[in-house]
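> Provided below are the primary sequence and the corresponding predicted coordinates.
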Amino acid sequence: MKLEMLRNINLHDSLMESIHFIEDKKELRINLELCNWKQKNYKEGEAELVSKILIFKDVEEYNIEPDFPINSDEILEVKITEPSKVEIIILGESDIKKMNIRAKYFLWSD
């Protein structure tokens with residue numbers, strides 16, 4: 001999916017469990033505990049939290065500042081700043097991090 005489709009997914013308050021950048025594949029994998037109950041298509045009785053992997057493909061740029069490990073950090077905001085660039089603001093244990101990703105598209109995986 002094109003990055004602009006991220007606007008259809010509510011990532012606020014979801015937890016970022018870990019990040020893996022696979023340089024030779026130009027792939028960034030973010031393991032999430034997604035707040036399923038915040039999604040437009042959520043139906044009562046479904047799991048409120050679900051484990052998902054957000055996969056960015058053809059990654060041209062990826063950075064996080066400050067560069068501290070991710071460990072169940074809360075997503076505060078996701079902004080599409082350009083057609084191929086996304087900015088994610090993350091609340092860590094004692095700091096706020098900013099992640100920038102430039103990629104062609106993204107996928108979801110369970």
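Perfect, thanks for sending it.
> ok, what's across the strand from the residue lying closest to residue 91 once chain neighbours are set aside?
Spatial nearest neighbour of residue 91, excluding adjacent residues (C-beta to C-beta, 6 or more residues apart in numbering): residue 74 at 4.5 Å. For glycine as for every other residue, the C-beta is placed from the backbone atoms N, C-alpha and C. Beta bridges link residue 74 to residue 15, residue 91, judged by DSSP bridges.
> OK, contacts around residue 74?
13, 14, 15, 16, 90, 91 (C-beta atoms under 8 Å, 6 or more residues apart in numbering).
> Kindly recompute the last result at 10 Å.
Listed by C-beta atoms under 10 Å, 6 or more residues apart in numbering, the contact partners of residue 74 are 11, 12, 13, 14, 15, 16, 33, 89, 90, 91, 92, 93.
> How much space separates it from residue 1?
24 Å (C-beta to C-beta, to the nearest Å).
> likewise residue 36?
18 Å.
> Got the confidence number for the residue nearest to residue 91?
If you check residue 74, the pLDDT there is 96.
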